[in-house]
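A.B. asks: Please work out how this folds:
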Amino acid sequence: MPQMPNKMNAKYAEWNMIFESFISAKMGSLLNITLIGNSLGGCFLMKYFSEQNSFPKEKLEAIHLVAACIEE
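C.D. replies: Alright, predicted model coming up:
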C-alpha cells in the first residue's frame, strides 16, 4: 500500500503522481489486481482510471470503493 501525500488536504494532482509511479513500478508485471479506495481515495481512483488509456484494464480483477465521495 503506497503512502499517499498530504492526507488531510489531499489534492488529486499529487495523488495522480503517486498512482503513476506505483502502477509503473509495482503493478507492471502483476495480474488479477484488486484496488481498494476509501473516501476521497476512491474518488481519486475513479478519476484516475476514467482518464487512463494506457493501463491494461484486463489486469484488474476488481476495484472496491469504500464510502467514496463524488467530487464536483
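A.B. asks: quick one: the strands in this structure?
C.D. replies: With DSSP state E as the criterion, the chain has strands at 33-38, 60-66.
A.B. asks: Turn those strands into TSV, including distance to Met8.
C.D. replies: Bear in mind the C-beta positions are built from the backbone N, C-alpha and C, glycine included. Supplementary listing: the strands of the chain in TSV, determined by distance: least, C-beta to C-beta, whole Å:
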stretch	distance to Met8
strand 33-38	14
strand 60-66	19
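A.B. asks: Of these, which is nearest Trp15?
C.D. replies: Nearest of the strands of the chain to Trp15, taken as C-beta to C-beta: strand 33-38 at 10.1 Å.
A.B. asks: Give me the contact list for the closest one.
C.D. replies: By C-beta atoms under 8 Å, 6 or more residues apart in numbering, the residues outside strand 33-38 that reach it are 27, 43-46, 59-68.
A.B. asks: Among the residues you listed, name the buried ones.
C.D. replies: Buried by 16 or more other C-beta atoms under 10 Å: Met27, Cys43, Phe44, Leu45, Met46, Leu65, Ala68, out of these.
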